[in-house]
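In: Need coordinates for the below:
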Amino acid sequence: MAKKEPSRPRPYVASMAVMVSDRNVAKRWYSEVLGLDLTADDEHWVCVGHRGRGGEIHLCQVSEAGEGAHLEPGNTGLLLRVEGDLHRFCEDFKARGGTLVQPPLDRGWGLYAVVRDPDGNELFLMPAS
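Out: Numbers count the residues shown, from 1 in each chain. Down below sits the predicted model:
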């Protein structure tokens, strides 16, 4: 009988840092306006996500990035999947005070919308498949 090779270790996305100027402002926007869950809130390590769905956004305050870091708030190109109707989500988002950069639009390759957080980070929203 052939000896089974052990499975190769593989990485997975645990969190993605998004540079923000004020962690508390970002925490409120990502949880109250965008609607994500606050999954960690321990001084520097503040994360938002969707409980039970894996992956988090680490709200990393620029002033704590360290000397020599060339990081600043701006475009992340982060894609978030939205469960349910994207149009309805966008209407609810606007009602909570959010601003759409790009309302839901179907380009043929898929439906998407774009929002911008208080620091200018663009977040792309697409329906969950």
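
In: contacting residues around K94?
Out: L100 (CB atoms under 8 Å, 6 or more residues apart in numbering). Glycine gets a C-beta too; all of them are placed from N, C-alpha and C.

In: hang on, it in a helix?
Out: Yes: using DSSP: H, G, I helix; E, B strand; the rest coil, the assignment for K94 is a helix.

In: Next up, the contacts around L105.
Out: Here L105 is in contact with 111-113 (criterion: CB under 8 Å, 6+ apart).

In: try 10 Å
Out: L105 makes contact with 86, 111-114 under the criterion CB atoms under 10 Å, 6 or more residues apart in numbering.

In: Drop anything exposed from these.
Out: Using 16 or more other CB atoms under 10 Å as the burial test, the contacts of L105 include 86, 112-113 as buried.

In: Looking at the helix or strand hosting I57 now, give me its mean pLDDT.
Out: Using DSSP states H and E, I57 maps to strand 56-61. Averaging pLDDT along strand 56-61 yields 88.

In: Tell me the helix or strand right after that strand.
Out: Next element after strand 56-61 (DSSP H and E): strand 78-82.

In: Okay, now the sheet partners of that following strand, with direction.
Out: strand 122-127 (parallel) (DSSP bridges).

In: Pull the residues that contact the partner strand.
Out: Contacts of strand 122-127 (CB under 10 Å, 6+ apart): 18, 30, 34, 57, 74-87, 89-90, 93, 100-102, 104, 110-117.

In: List buried residues within those residues.
Out: 18, 30, 34, 57, 76, 80, 82, 86, 89-90, 93, 104, 112-113, 115, 117.

In: Taking those together, which two end up most distant?
Out: Within the buried ones among the contacts of strand 122-127, V18 and P104 form the most distant pair, 22.4 Å apart (CB to CB).

In: So which bits of stretch 20-38 are buried?
Out: 20, 22-23, 26-27, 29-30, 33-36, 38.

In: Let me fix that, I meant to ask about stretch 47-63.
Out: 47-50, 56-61.
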